[in-house]
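J.: Structure, please.
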Amino acid sequence: MLKNNCNLSGAEINQAFRFLVRHVQERCFASEFCSLSKEGSSLSISKPIRKLSPFLDEHGLLRVGGRLSKGNLTYDVKHPILLPRNHRLTTLIIEEYHHRFMHPGMQTLKNLLSQEFWILSSKRAIHAVISSCVKCFRAHPRVAAPPIMGNLPACRINQIKPFSVSAVDYAGPFDISLGRGRGTRTFKSYVCVFVCTATKAVHLELVSELTTEAYLAALRRFIARRGRCSRLISDQGRNFIGAANVLHDLLQNATHVEQIEFVFNPPGSPHFSGLAEAGVKSIKTHLSRVIGIQRLTFEEFYTVLAQIEAMLNSRPLSPISSDPNDFSVLTPGHFLTMEPLTILPESNLVDIKLGPLQRWKLLQKIHQDFWRKWHLEYLHTLQSRLKWYNKQQEIDVGTLVLIVNEQFSPMKWRIGRVVKLHRGTDGVCRVVTIRTNSGECKRPVVKLCPLPLSN
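T.: Coordinates of the predicted model:
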């Protein structure tokens, strides 16, 4: 089992190895040795080992008797050496086979070891060795367990103006044309998705490219139609960061009320902005069902987007009343236009006279009723955690980790060391700062693979 040395012969190496194995067996299987050496009753042998019909060979090693004695096999295969699971010698033998045969999987390594050894609970022993191998871990890394889901921010559970705090993301690309006719060129377009964090209302803008200028134009159209927003939550796309820098320079001399706060999630963490990702998924679902593989013109595509926006803003949040005969539901459109955007035609109320004060009170009461229903019927549905409800062991400062990058294979993922933990308001760490060869960066915990400690 040892590497060949010019000062030791093969017989001497085998003799030394047999001595080590016998020493380990005498310590771990003392009762079995005593029973077999004295030819006493086999009742003193434990039941798991008794099933193997053990015996002592000519060198005093404990081997498996088994049922393969008449097979056309080698002596070591028919009667392998019995080894305990949790011993250092067993671990060294497994590691030596693991490196000699170029890091095979568990089943292959188990078959190779069974040609000479019988290890009790072999899968557990082999798994302990493979799980601590850095090369095998880099080929099949395991992502750290996600921390417990955090509490909802204030913008999700408080009454605010629709789209005052919005999550933004892009969907696409989609192929559109500028007109109909032979030889008409097609262009790539994208959909900028704005989602209100409180009411889940959706606003869609069609943009022509992924640039800062195109995003600023979509943002100006969004503010012109929905009013100025106080906070925009997005990922760290270059167009989002460029727009934040441009607006920051433009609004340096403006009042504090007119400024927009840009909140950027850590790189590689789409779950930090689940509302925007869910909006993108819904839009793609409707577009794939409505358009399919057809190529629409700019006007046709923009019309479809407006209709999809109306449908998404008519999705039910909760029932408006508990009356079984009332089928109306509370939707995001109620907070935008006081009614669902896909409402059916109603009776003509033009001839009914209402005073201006009564009309104002009526509109105010309707608006307050919607928010009251939002508080009583919708907020409680956000109470429970649907996943990530178990507390996990936090990552420590100084841990070596692999940084997940879906654009490359695991063997090309960068290695870094955790240097700082960023805890949330609940004290749970979900983002860390990592130092790599190219500098420091922030990453979420769910995109890290802690490397196993080598023996």
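
J.: what about stretch 242-262, average pLDDT?
T.: Across stretch 242-262, pLDDT averages out at 64.

J.: same question, stretch 163-171
T.: On average, the pLDDT along stretch 163-171 is 87.

J.: where exactly do the helices run in the stretch 51-200 of the chain?
T.: 75-78, 88-100, 106-113, 122-130, 134-139, 154-157 (DSSP state H, counting those that start in this stretch).

J.: how much does the fourth one deviate in direction from helix 88-100?
T.: What it means is helix 122-130. If you take axes from the mean of the first three to the mean of the last three CA atoms, to 10 degrees, helix 122-130 sits at 70 degrees to helix 88-100.

J.: What lies in contact with helix 122-130?
T.: 85-86, 90-91, 94-95, 98, 105-106, 109-110, 113-114, 119, 136 (CB atoms under 8 Å, 6 or more residues apart in numbering). For glycine as for every other residue, the C-beta is placed from the backbone atoms N, C-alpha and C.

J.: Equivalent analysis for the longest one, please.
T.: If you take CB under 8 Å, 6+ apart as the criterion, helix 88-100 is touched by 1, 20-21, 24, 83-84, 104, 109, 112-113, 117, 119, 125-126, 128-130, 133, 455.

J.: Apply the buried test to the contacts of helix 122-130 and list what passes.
T.: Buried members of the contacts of helix 122-130, counted by 16 or more other CB atoms under 10 Å: 85, 90-91, 94, 98, 109-110, 113, 119, 136.

J.: which one among these gets closest to residue 291?
T.: Of all those, residue 136 has the smallest distance to residue 291: 45.7 Å, by CB to CB.

J.: which residues touch that closest one?
T.: Neighbouring residues of residue 136 by CB under 8 Å, 6+ apart: 103, 130.

J.: Does residue 440 belong to a helix, a strand or coil?
T.: Here residue 440 is strand, with the state taken from DSSP: H, G, I helix; E, B strand; the rest coil.

J.: Show me what the nearest residue to it once chain neighbours are set aside bridges to in the sheet.
T.: Spatial nearest neighbour of residue 440, chain neighbours left out: residue 433 (5.7 Å); criterion: CB to CB, 6 or more residues apart in numbering. Beta-bridge pairing of residue 433 under DSSP bridges involves residue 420, residue 442.

J.: what's next to stretch 263-274, contact-wise?
T.: Residues from elsewhere that reach stretch 263-274 (CB under 8 Å, 6+ apart): 167, 169, 231-236, 240-241, 244, 277, 404-405, 431, 441-444, 446-447.

J.: For stretch 127-134, give the mean pLDDT please.
T.: Here the average pLDDT along stretch 127-134 is 88.

J.: Compute the first-to-last residue distance for it.
T.: For stretch 127-134, the separation between the terminal residues is 13 Å (CA to CA, to the nearest Å).

J.: buried residues in that stretch?
T.: Buried, per 16+ other CB under 10 Å, within stretch 127-134: 129-130, 132-133.

J.: what does stretch 171-191 contact?
T.: 170, 193, 204-210, 280, 283-284, 287, 295-298, 301, 305.

J.: That should have said stretch 388-407, apologies.
T.: Residues from elsewhere that reach stretch 388-407, judged by CB under 8 Å, 6+ apart: 138, 141, 143-149, 268, 410, 412-421, 428-429, 432, 434, 436, 441, 443, 445, 447-451.

J.: Which members of these occur in strands, if any?
T.: 415-421, 429, 432, 434, 436, 441, 443, 448-450 (DSSP state E).

J.: And those, which two are furthest apart?
T.: 415 and 429 (20.1 Å).

J.: Could you pull up the contacting residues of the nearest residue to residue 119 once chain neighbours are set aside?
T.: Counting by CB to CB, 6+ apart, residue 119 lies nearest to residue 83, which is 4.9 Å off, once chain neighbours are set aside. Under the criterion of CB under 8 Å, 6+ apart, the contact list for residue 83 reads 21, 24-25, 89-90, 93, 117-120.

J.: rerun that using 7 Å as the cut-off
T.: By CB atoms under 7 Å, 6 or more residues apart in numbering, the contact list for residue 83 reads 90, 117-119.

J.: Dump the residues you listed to CSV, plus pLDDT and distance to residue 394.
T.: Formatted as CSV, the contacts of residue 83 follow (pLDDT from 0 to 100; distance: CB to CB, whole Å):
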residue, pLDDT, distance to residue 394
90, 92, 33
117, 91, 39
118, 90, 41
119, 90, 35
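
J.: Specify which member of those is nearest to residue 314.
T.: Of all the contacts of residue 83, residue 119 has the smallest distance to residue 314: 63.7 Å, by CB to CB.

J.: Run a quick check on the closest one versus residue 85, I expect a contact.
T.: Yes: here residue 119 reaches residue 85: they are 6.2 Å apart, a contact under CB atoms under 7 Å.

J.: Quick check: what element follows the helix or strand of the chain with the lowest mean pLDDT along the chain?
T.: Of all the helices and strands that make up the chain, helix 356-373 has the lowest average by mean pLDDT, DSSP states H and E, namely a mean of 58. Per DSSP states H and E, the first helix or strand lying C-terminal to helix 356-373 is strand 400-403.

J.: Distance from stretch 403-411 to the middle of the chain?
T.: Relative to its chain's centre, stretch 403-411 lies at 14 Å (CA atoms, centre = their mean, to the nearest Å).

J.: how about that stretch: buried residues?
T.: 403-404.

J.: re earlier: for the helices of the stretch 51-200 of the chain, give me a markdown table that also has distance to residue 65.
T.: Listed next are the helices of the stretch 51-200 of the chain as a markdown table, based on distance: least, CB to CB, whole Å:
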| stretch | distance to residue 65 |
| --- | --- |
| helix 75-78 | 9 |
| helix 88-100 | 20 |
| helix 106-113 | 19 |
| helix 122-130 | 18 |
| helix 134-139 | 34 |
| helix 154-157 | 68 |
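
J.: Quick check, pLDDT for the residue nearest to residue 119.
T.: pLDDT, residue 83: 91.

J.: Distance check, it against residue 151.
T.: With distances taken as CB to CB, to the nearest Å, residue 83 is found 51 Å from residue 151.

J.: For the closest residue to residue 332 other than its chain neighbours, what are phi and psi?
T.: In this structure, residue 332 finds its nearest non-sequential neighbour in residue 201, 3.7 Å apart by CB to CB, 6+ apart. Main-chain torsions, residue 201, degrees, to the nearest 10: phi -70, psi 150.

J.: Count the residues that sit near residue 201.
T.: Neighbour count of residue 201, defined by other CB atoms under 10 Å: 25.

J.: ditto for the one 4 residues further on
T.: By the other CB under 10 Å criterion, the neighbourhood of residue 205 contains 22 residues.

J.: Am I right that it is in a strand?
T.: Yes: under three-state DSSP, residue 205 falls within a strand.

J.: my guess is it contacts residue 221, does it?
T.: Yes: taking contacts as CB under 7 Å, residue 205 lies within contact range of residue 221: 5.7 Å.
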